[in-house]
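*Asks:* Need a 3D model of the following:
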Amino acid sequence: MFQPSGMIKYIGSKRVLIPTIRAAVAALPRIRTIADLFSGTSRVGHALKQAGFVVHANDATRYAHALAACYVQADRERVEHHARMLIDEFNALPGSPGYFTHTFCERSRFFQPFNGERIDAIRDAIARKSLDPELEAVCLVSLMEAADRVDSTTGVQMAYLKKWAPRSHNPLELRMPEILPAVHAPCSARCDDARSAAAEIEADLAYIDPPYNQHAYLGNYHIWETLVRWDKPETYGIACKRTDCRERKSDFNSRRKAFDAFRDLIAHTRAPNLMVSFSSEGFLSPDDLESVLTTRGDTYRIDRPHPRYIGHQIGVFNPSGERVGTAGPSRNTEFIYVVLPEGQSWDHTAVGAVRLTDNRCVAA
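*Replies:* Numbers count the residues shown, from 1 in each chain. Sure thing, here's the model as predicted:
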């Protein structure tokens, strides 16, 4: 199975689960359209479009919307030729220091200044072009992925490494994103609150992968949000986070609000079939999830053990760089739930799913 090689590093990415997700969707009857309500990197939406499904992606962050516009909405036949010409043009630009260099290379150390200067020059050039939204998204994704290949982090933008990462010494180079050809009907990308999108997008299946703990994706990837918006915001802290990271909060990142948010989302989703991905590290327990999902129909669960984020391997440190505390378990479990209308047949054993009955997992 082809997977795009260029997609950004991302905590919560379902890269290793994609074969299971695709197999589960393929086993379901009469699925043609899919709503991906928390699209993130669009790895899942991209894989499902590649499999021939019509995908309607949504995410509340602008960087994720750009990724979805590139990897889900755009079709290779429509944008590739012009995009390649633009990428060649942007690759030839010399550096020109500006907001990005000052903020993320001098005030902080996420990128080496010579690469920051190139990012400034290319992003300004994209802005001056006033491109068609899809073509602009392809160029922005190419730049985002190029920057990701030369950053100096452990994978999130909460902090940067004390010493430059070896990859940060490499020169920035744009590449053509691996855009898919068209499927039998147009795919789409939108930038909205998930609950609003769920109530408006009609699809045969909704794929739901919400934030599962207190770590907001906007805070973890604030540089990509700034790069795509190019609004040059005020920042705070040593990581130079956007000030709106303090304001744009999701109920799914609140232990107190997460259950009600999940229940409301499921109640308003306009799809007869659901697929929900969640982590054992999340605020909601399997009992919480299942108490909601079983109200929508016959519910199945697939469990997949998974190594934790690399930060676990590095350890827990205080601001002075001293190791403190003890890391938790080295692995977690990813749960994939499938919810079907009552009585609908499905060969769930082919993907290792078990059926839930009376809030208990039993082999069906």
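*Asks:* what about the helices in this structure?
*Replies:* Ranges of helices within the chain are 18-27, 43-50, 62-68, 76-91, 99-101, 113-129, 133-148, 194-200, 217-220, 222-229, 258-268, 286-293, 310-314, based on DSSP state H.
*Asks:* what helices or strands is the longest one leaning on?
*Replies:* In terms of contact count using 3 or more Cβ pairs under 8 Å, 6 or more residues apart in numbering; DSSP states H and E, helix 113-129 is assigned the packing partners helix 76-91, helix 99-101, helix 133-148. Placement of C-beta: from N, CA and C, glycine included.
*Asks:* again, only this time at 6 Å
*Replies:* helix 99-101, helix 133-148 (3 or more Cβ pairs under 6 Å, 6 or more residues apart in numbering; DSSP states H and E).
*Asks:* can you list the ones you listed in JSON lines and add distance to Asp88 and mean pLDDT?
*Replies:* Below are the helices and strands packed on helix 113-129 laid out as JSON lines (distance: least, Cβ to Cβ, whole Å; pLDDT from 0 to 100):
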{"stretch": "helix 99-101", "distance to Asp88": "22", "mean pLDDT": "98"}
{"stretch": "helix 133-148", "distance to Asp88": "11", "mean pLDDT": "98"}
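*Asks:* among the helices of the chain, which is nearest Ser280?
*Replies:* helix 286-293 (8.0 Å; Cβ to Cβ).
*Asks:* starting at the chain centroid, how far to that closest one?
*Replies:* Distance of helix 286-293 from the chain centroid (Cα atoms, centre = their mean, to the nearest Å) equals 23 Å.
*Asks:* Repeat that for stretch 248-264.
*Replies:* Distance, stretch centre to chain centre, for stretch 248-264: 18 Å (Cα atoms, centre = their mean).
*Asks:* from memory Arg109 sits against Tyr160, does it?
*Replies:* Yes - at 4.8 Å, Arg109 counts as touching Tyr160 under the criterion of Cβ atoms under 6 Å.
*Asks:* which ones are touching the residue nearest the centre of the chain?
*Replies:* Nearest to the geometric centre of the chain sits Gly40, at 1.9 Å (Cα atoms, centre = their mean). Contacts for Gly40 (Cβ atoms under 6 Å, 6 or more residues apart in numbering) come out as Ala64.
*Asks:* gap between it and Lys14?
*Replies:* 8 Å (Cβ to Cβ, to the nearest Å).
*Asks:* can you pull the pLDDT of Arg15?
*Replies:* As predicted, Arg15 sits at a pLDDT of 80.
*Asks:* neighbours around the residue nearest to it when sequence neighbours are not counted, how many?
*Replies:* Spatial nearest neighbour of Arg15, excluding adjacent residues (Cβ to Cβ, 6 or more residues apart in numbering): Arg43 at 5.6 Å. Using other Cβ atoms under 10 Å, Arg43 has 24 other residues around it.
*Asks:* these two touch, right, Glu117 and Gly98?
*Replies:* No - assessed by Cβ under 6 Å, Glu117 is found out of contact with Gly98, at 8.0 Å.
*Asks:* quick one: which of the two has more around it?
*Replies:* Legend: neighbour count by other Cβ under 10 Å for Glu117 and Gly98, higher for Glu117 (21 against 16).
*Asks:* Now do the contacts for that one.
*Replies:* 95, 97, 101.
*Asks:* run the last query once more with 10 Å
*Replies:* Glu117 makes contacts with 93-98, 100-101, 105, 111, 172, as judged by Cβ atoms under 10 Å, 6 or more residues apart in numbering.
*Asks:* Repeat that for Ala239.
*Replies:* 104, 107-108, 110, 153, 156-160, 219, 222-223, 245.
*Asks:* what sits against the residue lying closest to Lys249 once chain neighbours are set aside?
*Replies:* Spatial nearest neighbour of Lys249, excluding adjacent residues (Cβ to Cβ, 6+ apart): Ala216 at 7.0 Å. Counting by Cβ under 10 Å, 6+ apart, Ala216 touches 61, 222, 245, 248-250, 252-253.
*Asks:* can you rerun that using 8 Å?
*Replies:* Listed by Cβ atoms under 8 Å, 6 or more residues apart in numbering, the contact set of Ala216 reads 245, 248-250, 253.
*Asks:* now Thr101
*Replies:* Taking Cβ under 8 Å, 6+ apart, we find Thr101 in contact with 113, 116-117, 119-120.
*Asks:* let's see 7 Å
*Replies:* When contacts are counted by Cβ atoms under 7 Å, 6 or more residues apart in numbering, Thr101 touches 113, 116-117, 120.
*Asks:* swap in Arg149?
*Replies:* Counting by Cβ under 7 Å, 6+ apart, Arg149 has contacts Arg167.
*Asks:* My guess is Val150 contacts Leu172. True?
*Replies:* Yes - Val150 is within contact range of Leu172, at 5.5 Å (criterion: Cβ atoms under 7 Å).
*Asks:* List the residues that are in contact with both of the two.
*Replies:* Counting by Cβ under 7 Å, 6+ apart, the common neighbours of Val150 and Leu172 are Asn115.
*Asks:* Run through the chain and note the low-pLDDT ranges.
*Replies:* Residues of the chain meeting the criterion pLDDT under 70: 1-6, 12-13, 306-331, 357-364.
*Asks:* What are the structural domain limits within it?
*Replies:* Following the assignment in automatic domain parsing, the chain carries domains at 1-60+183-210+249-364, 76-179+217-245.
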